[in-house]
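*Asks:* only the shape, not the letters, is given here:
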């Protein structure tokens with residue numbers, strides 16, 4: 001008990017110290033502003049990388065040129081600890097004017113009143129109505145209020161070997177049934193060729209998740225995505241059994257044996273190296289594939305639809321720019337957010353970052369309309385066929401479920417766990433989660 005008390009006292013001392021440091025920093029900033037007449041904004045990014053930080057600096061320099069009375073200080077913590085660093089700054093009530101907010105952090109930030117509701121600004125913003133429905137959905141996912149303006153979307157699409165499909169006389173799959181048939185036909189272990197880049201390792205529950213959503217389609221409860229509209233756990237349905245049948249068949253008949261342990265890097269490498277014919281992944285793969293694969297040998301298409309629902313359904317991962325609740329310069333901060341979120345700047349940022357842009361007008365840009373991004377533009381233009389579902393992050397046990405499901409999926413593929421037992425296990429888990437939430 002004593003070490004817990006000491007730990008608590010250390011935490012309190014740390015928070016006080018951070019507060020004093022923040023106060024000193026704020027005083028220093030204020031005196032500096034008084035001298036040169038400029039407002040200094042602090043922007044903290046989260047998904048950091050050398051290339052992206054360089055790009056942001058370039059865009060911020062342009063903003064400063066257009067707004068000579070505003071200076072922007074960019075803070076770029078290491079990627080692994082960035083969210084933790086941002087949280088520490090917010091807890092200490094530091095002068096954070098603009099910060100990167102993600103779907104994983106927006107609920108926590110808003111609940112703790114760390115970020116501003118941007119409604120007073122977006123209600124007057126001329127570009128709000130030009131945002132895609134997916135972006136508006138992401139921006140207002142919490143409390144139906146825009147706590148941040150996303151700068152792009154992370155959605156999955158189908159990457160496929162165009163040359164292999166043409167040689168085999170196959171059409172691009174439109175449903176999961178089509179995909180399985182094509183994958184099996186394109187598999188030839190003697191040539192080290194397989195039809196599909198399977199994900200059996202870290203992150204495998206993502207595929208169970210969006211496949212089950214797709215098979216159930218509009219039966220899924222819009223605001224409670226692991227349950228159907230009649231209150232059943234989504235794993236307690238015939239469609240969920242179909243999903244596991246499909247996945248096991250895909251792995252055993254059309255995927256490399258080693259893919260039982262593949263996660264993101266391996267499945268992408270499997271596709272770009274010429275081992276697999278199909279891959280379902282996020283848009284950043286476009287840059288990697290473009291660098292490593294011969295032009296004309298690959299293409300993208302919308303993700304497969306479920307059977308018999310006739311729709312596809314997946315989460316739209318978003319990240320973007322919000323305003324810190326403790327900012328002393330909220331109007332100037334909005335000026336920066338609206339600059340970064342403008343059609344011109346966002347289009348540039350999206351191209352350089354391999355992201356799906358946020359404005360409807362981007363669909364007319366040749367880079368997105370005619371290139372590898374066309375499948376994403378097509379999906380966003382058909383919201384009745386390609387639905388968006390929100391992950392159940394409001395349930396405390398969601399992370400625990402994902403860890404449990406990862407182990408169960410491997411056991412399932414190895415024949416150590418039956419499909420029925422896996423579904424029963426997940427159903428019981430989510431029934432308890434529902435009860436605990438009441």
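*Replies:* Received it, and whenever you're ready, just let me know what you need. Predicted, not measured: the structure shown is a model, and the values here were computed from it.

*Asks:* distance check, residue 414 against residue 84.
*Replies:* Residue 414 is 36 Å from residue 84, where distance means Cβ to Cβ, to the nearest Å. For the C-beta atoms, the positions are set from N, CA and C on the backbone; glycine is no exception.

*Asks:* and residue 193, by the same measure?
*Replies:* Distance of residue 193 to residue 84, computed by Cβ to Cβ: 43 Å.

*Asks:* of those two, give the one with the bigger neighbour count.
*Replies:* residue 193 (16 against 11; other Cβ atoms under 10 Å).

*Asks:* specify the beta-bridge partners of that one.
*Replies:* When assigned by DSSP bridges, residue 193 has beta-bridge partners residue 188.

*Asks:* quick one, what contacts it?
*Replies:* Applying Cβ atoms under 8 Å, 6 or more residues apart in numbering to residue 193 gives the contacts 164, 186-187, 274-277.

*Asks:* hmm, try it at 10 Å
*Replies:* When the contact criterion is Cβ atoms under 10 Å, 6 or more residues apart in numbering, the partners of residue 193 are 161, 164, 186-187, 256, 274-277.

*Asks:* and what of residue 122?
*Replies:* Under the criterion of Cβ under 10 Å, 6+ apart, the neighbours of residue 122 are 128-129, 131, 136, 139-140, 145-146, 149, 334, 337-338, 341.

*Asks:* got it, and residue 104?
*Replies:* Under the criterion of Cβ under 10 Å, 6+ apart, the contact list for residue 104 reads 46, 83, 317, 319, 391, 393.

*Asks:* quick one: the second one and residue 106 touch, right?
*Replies:* No. Taking contacts as Cβ atoms under 10 Å, residue 83 lies outside contact range of residue 106: 11.5 Å.

*Asks:* could you pull out the helices for the stretch 1-150 of the chain?
*Replies:* Assigned by DSSP state H, counting those that start in this stretch, the helices in the stretch 1-150 of the chain fall at 2-36, 50-66, 82-91, 106-111, 119-122, 133-139.

*Asks:* residue contacts, the residue most central in space within the chain?
*Replies:* For the chain, the residue nearest the mean C-alpha position is residue 317 (2.5 Å; Cα atoms, centre = their mean). Neighbour list for residue 317: 102-104, 138, 150, 152-156, 282, 391 [criterion: Cβ under 10 Å, 6+ apart].

*Asks:* now it, which residues is it bridged with?
*Replies:* Going by DSSP bridges, residue 317 is paired in beta bridges with residue 154.

*Asks:* what does the pLDDT read for it?
*Replies:* Residue 317 carries a pLDDT score of 86 in this model.

*Asks:* how far does stretch 195-203 sit from the chain's center?
*Replies:* The gap between where stretch 195-203 is centred and where its chain is centred comes out at 18 Å by Cα atoms, centre = their mean, to the nearest Å.

*Asks:* pLDDT of it, averaged?
*Replies:* Stretch 195-203 shows a mean pLDDT of 96 in the predicted model.

*Asks:* try stretch 261-274
*Replies:* The model assigns stretch 261-274 a mean pLDDT of 96.

*Asks:* helix or strand for the residue lying closest to residue 206 once chain neighbours are set aside, which one?
*Replies:* Nearest-residue entry for residue 206: residue 199, 7.5 Å, with adjacent residues in sequence omitted and distances by Cβ to Cβ, 6 or more residues apart in numbering. In this assignment (DSSP states H and E), residue 199 forms part of neither any helix nor any strand.

*Asks:* list the buried ones in stretch 308-327?
*Replies:* Across stretch 308-327, burial judged by 16 or more other Cβ atoms under 10 Å covers 309, 311-327.
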